[in-house]
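Peer 1: below: sequence and its predicted model.
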Amino acid sequence: MIPAPESLFTAALIIFLAGATAGLLSGRRLFARTVTFGAALAGSLLDVFASTVALVRGATAVWALPFGVPMFTWTVRLDPLTCYFNLALGLLAAAVSLYSFGYLKPMVGRRNVGALGFFYNVLLASLALVFAAANAFSFLVAWEVMALSAFCLVSFEHEKTEARRAGILFLVMSHAGTGLLLIAFLVLGSAAGSLEFQAFHLIAPKLTPLASGVVFVLFFLGFGVKAGVVPVHIWLPDAHPVAPSNISAVMSGIVIKTGIYGMARVFFDFYGPPSLWMGALVLAIGVITALLGVLYALMEHDLKRLLAFHSIENIGIILMGFGAALLFRTLGHANLAALALIGGLYHTLNHAMFKGLLFLGAGAVLNSTGTRNMEEMGGLIRRMPATALFFLVGAVAISGLPPLNGFVSEWLTYQALLAGFGTTESLIRVMFPVAGALLALTAALAATCFVKAFGISFLALPRSDAAAKAPEAPLSMRISMGLLAVACIALGLGATWFLPVFDSITAQTFGVRMSAALVRANGLVISSGRDGGGTVSNVGILLTLVLLAGVPALLRYARRRREPRTANPVWDCGLPGLSAENEYTATAFSKPLRMIFSALYRPRREIQTEYDISRFYPTAVRFESEVEPAFRKRVYDPLKDWVLAAANRTRAVQAGSIHAYLAYIFVALLVLLLFEVRG
Amino acid sequence: MTAVLSAFAQLVLLLALAPLISGFIRKFKARFQTRRGPGLLQPYRDLFKLFRKGMVIPETSSWIFSATPWVVFGTSVAAGLLVPMVSTAPLGLFGGVLAVVYVLALGRFFLALAGLDTGSSFGGLGSSREMTISALAEPAMMLAVFTVAIGASSTSLSEIVRTAAGQSWRFLAPPQVLAFAAMFIVLIAETGRIPVDNPATHLELTMIHEAMILEYSGPYLALIEWGASVKQLALMSLLINVFWPFGLQPEWSGAGVLAGLGWLLVKLLLLSCAIVLVETTNAKMRLFRVPELLAVGFTLSALGLVSTFLL
């Protein structure tokens, strides 16, 4: 007898809150780590179980949590979309919680691990509630708790200036986004006469076209801030790297997905077939986000900042799926809309797995070498073989290469984009193939970036003493990374077994079930859903590779003794031995792209040479190279200056005179009364 | 059973024919430049020699260095099996044109890692350039692929080819011509030929592909070279059969295969001649001129796409 998903979900919430309380009480002791992250692990597993049960049953459960005040009830709902995001949350959080056991060991006694555990558990509980909330009130409260606990976790190492600055930037932008959401929800609420999400279902057609458009943009921007959509992304590459690495994994893996969840909820549940420009907007912004995300990632040599920029890229890829789904819905192609939505949602889960894995790997490297700078790593594949292998799996997956999971979701998105050209006669159809071509560019640049990230950090000679002496990560960290690597492989090879999960979601939104059309040849082959469309089989590709390369390699390996094979130094051009200084650096690796895209990057470099006798015999060289943070410099700095100047001017109003304030109150009252009389 | 047999037949064809095409291009290029050049069979002799030699492994490298030749060889041949050569693609069910592009990208990913793995700056230089150029070639290729795939509304190569074969003079239609020109530029970039890269050079300033594999020797080098020529054959077959599907057999059958093989050879020779013509009449470009060439490719395929609904 399997318990009802409602009670499992509530139990998971209670465990998170119990873990949080225990964290508050236990402080800096080792016990704090064990009990808070133990609770988080148990709660996450329970959350996975609850969402799996609910997804399998396919029914929607609605109930109210037993706290709250009259008028503002905590309605909670487990529908397929909610369960899907909770599944991603639970899977990632379980691995991260396990990882934290080893990761936090060096921190015990030195830092307040109990407080970290408190905020971590609160964050997980609020995430589960954001996905499950079924009215605007509980959604916004959970959303706010999530932002605050995430803020505390981001600036956990608060003695560092960069952590404080990043935390505040995150908080400010997050609240600006929440403000937009609040307005949007209030407009919907006044149209529906209720704040319940059930009342919002397909509400958009009841709004005037103008209101519907404004609300759409407000939601897109408000959720876009959290998701890291260009141009409201600038907090993300600052905030994700400065957090402790286990937190970075949760932030990049799932916290930004709350924005994606919000968009999915609003776009596909609240809106019926939207106006054509809405889908076009989402698709175009998705393309821009993906491309700019990866282009900025290429210029980074801070491993965690690089990963953070890739989160922006992947959000863009997800939005391409969503944008295409919106367009298809308007054009009346439910099957294609479902295909595009599946591509976007599948990529959401996939990204949670491989980005979580990569951040955990970066954290292991950070713990072992003490640096986030790739130029000081190198050769780690020999010192940390397991971490290197798992990081490589994540790198192949995020590059969208077969036979791992990133390939499947990108392939589905390609199929949707390709089919889009034939769906309409209007010029908008050109968007589809162009978006497809730019998706190809994005994916290829991502592969370039991960060749750099893995190659410079893990291969060749160590570039610093710390890298040369780096110890392998503790067992709990290796196990959790291994689990996420297995998830990446399983979601790649077993995609056909996973696709039916989306049936209930697409049935809920578009009224179609795609898995029967998508899965062919007894679950070996994924098809594009049409007869004569494209097919692909990760299992088939893997088998072919194994037969063509793996088997001959093994045969050769078995009789290797007979072949002469010597290990020799690398050709060093006659210099006295090859050293780490001769190696290609991360900066050098991305130099061609820096030059090709210099219009975007506007690179600046500065070389200072010190010499005694002649400048041909320098005693010291200082090299500095920088890429212009375009959005910060050209959009946000002027905006900030403008806001500060405006604030300065309004200071005259706040002169400190009590008489003036009384006059303001009187005027405000008068205006409100007039307003009421007229209304 | 036919599926397995056809896969096996195409496997043998790929492995046996690929060095010959490389040899032919080399020989014909030499004759074109009034040199005598090595014999047609020289690539086979090279491979045979390399397979019997010992290997020198850089002491700074890791298992990536040893795994890469196998991955490169495996992905090249697997991609070849996804492409229709004399008849339908034997493993077409496992993936269409997208899979071909991405399986080859997997091989390139590992090759670039191996370039970095040696710790030599040449390797890093090669990896960096190879990844940059292939990334910039990707959108041109994908847009050209989309242009031809839109006609068939499928990414399955067998389906695309079937649609193309149905209309006999289609290869002269503007979208096809433009997409073909774009794909030809991509082919030159992907196979590392002049004016993008020079397969015969070992001058460090200009090397791209050769720089990545500089530390390989013996059987590993043979695997990579063989893989590279199989990849070249696969991409050439893709190009000729998608745009000139004449003589492609609808079914795998005894007599048909021979006719298909004859047509394949004729078309490959034609394309090889075009490649030789381009290689001989052009000088290698500066590295930072290559993006412009690829941008031309992208523009051509974009024009091809636009012309599909203007005409």
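Peer 2: On my side now, so go ahead. Numbers count the residues shown, from 1 in each chain, chains lettered A, B, ... in the order given.
Peer 1: what are the ranges of the strands in the chain?
Peer 2: Here I'm looking at chain A. Using DSSP state E, the strands of chain A run over residues A:61-69, A:72-78, A:519-520, A:525-527, A:535-536, A:565-568, A:604-611, A:618-626.
Peer 1: nope, chain B please
Peer 2: Counting by DSSP E, the strands of chain B are B:55-58.
Peer 1: so how far does stretch A:453-462 reach from one end to the other?
Peer 2: Stretch A:453-462 has an end-to-end distance of 14 Å (Cα to Cα, to the nearest Å).
Peer 1: anything in that stretch near chain B?
Peer 2: Yes - applying Cβ under 8 Å from any Cβ of the partner chain, one finds stretch A:453-462 in contact with chain B at A:454, A:455, A:456, A:459, A:460, A:461. (Each C-beta comes from the backbone N, C-alpha and C, glycine too.)
Peer 1: and the pLDDT at residue 303?
Peer 2: No chain in the question, so chain A it is. pLDDT recorded at residue A:303 is 94.
Peer 1: hmm, I had chain B in mind actually
Peer 2: Residue B:303 carries a pLDDT score of 90 in this model.
Peer 1: deepest of the strands of chain A, which one?
Peer 2: strand A:535-536 (a mean of 27; mean count of other Cβ atoms under 10 Å in any protein chain shown).
Peer 1: got a list of contacts for that strand?
Peer 2: For strand A:535-536, the surrounding residues in contact (Cβ atoms under 8 Å, 6 or more residues apart in numbering or on different chains) are A:402, A:408, A:411, A:520, A:525-528, B:92-96, B:98-99, B:156.
Peer 1: most widely separated two among these?
Peer 2: Largest separation among these by Cβ to Cβ: A:408 and B:92, giving 18.2 Å.
Peer 1: looking at these two, which is more packed in?
Peer 2: Each of residue A:408 and residue B:92 has its neighbours counted (other Cβ atoms under 10 Å in any protein chain shown); residue A:408 has more, 28 against 21.
Peer 1: list the contacts for that one?
Peer 2: Shown in contact with residue A:408 (Cβ under 8 Å, 6+ apart): A:346, A:350, A:491, A:492, A:495, A:526, A:536, A:538.
Peer 1: next one: it from chain B, what distance?
Peer 2: In this view, residue A:408 and chain B are 11 Å apart by Cβ to the nearest Cβ, to the nearest Å.
Peer 1: quick one on the thing from earlier: from the contacts of residue A:408, pick the one nearest chain B.
Peer 2: Among the contacts of residue A:408, residue A:536 lies closest to chain B (Cβ to the nearest Cβ), at 4.4 Å.
Peer 1: thinking again about what came up before, next, format the strands of chain A as CSV and append mean pLDDT.
Peer 2: Converted to CSV, the strands of chain A look like this (pLDDT from 0 to 100):
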stretch, mean pLDDT
strand A:61-69, 77
strand A:72-78, 85
strand A:519-520, 84
strand A:525-527, 87
strand A:535-536, 89
strand A:565-568, 79
strand A:604-611, 84
strand A:618-626, 83
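Peer 1: nearest approach to residue B:162 belongs to which of the ones you listed?
Peer 2: Here strand A:535-536 is closest among these (Cβ to Cβ), at 14.5 Å.
Peer 1: might you report the residue contacts of the closest residue to chain B within the stretch 251-400 of chain A?
Peer 2: In the stretch 251-400 of chain A, the residue that lies nearest chain B is residue A:381 (4.5 Å; Cβ to the nearest Cβ). Contacts of residue A:381 were listed using Cβ under 8 Å, 6+ apart, and they are A:388, A:458, A:459, B:62, B:63, B:64.
Peer 1: kindly indicate which of the residues you listed lies nearest residue A:653.
Peer 2: For these, the nearest to residue A:653 is residue A:458 (58.7 Å; Cβ to Cβ).
Peer 1: what number of residues lie near that closest one?
Peer 2: For residue A:458, the count of nearby residues is 31 (other Cβ under 10 Å).
Peer 1: ditto for residue A:172
Peer 2: 12.
Peer 1: look at residue B:1 and report its pLDDT.
Peer 2: On pLDDT, residue B:1 comes in at 69.
Peer 1: ditto for residue A:561
Peer 2: The per-residue pLDDT of residue A:561 was computed as 59.
Peer 1: next: residue B:115.
Peer 2: Note on residue B:115: pLDDT of 92.
Peer 1: so it versus chain A, what's the distance?
Peer 2: Look at residue B:115 and chain A: by Cβ to the nearest Cβ, they are 8 Å apart.
Peer 1: how far away is that residue from residue A:589?
Peer 2: The gap separating residue B:115 from residue A:589 is 10 Å, by Cβ to Cβ, to the nearest Å.
Peer 1: higher neighbour count, those two?
Peer 2: Comparing residue B:115 with residue A:589 by other Cβ under 10 Å, the one with more neighbours is residue B:115, at 33 against 29.
Peer 1: so that one sits against residue B:124, correct?
Peer 2: Yes - between residue B:115 and residue B:124 there is a contact under Cβ atoms under 8 Å: 6.4 Å.
Peer 1: okay, and the common contacts of these two?
Peer 2: Common neighbours of residue B:115 and residue B:124 (Cβ under 8 Å, 6+ apart) are residue A:455.
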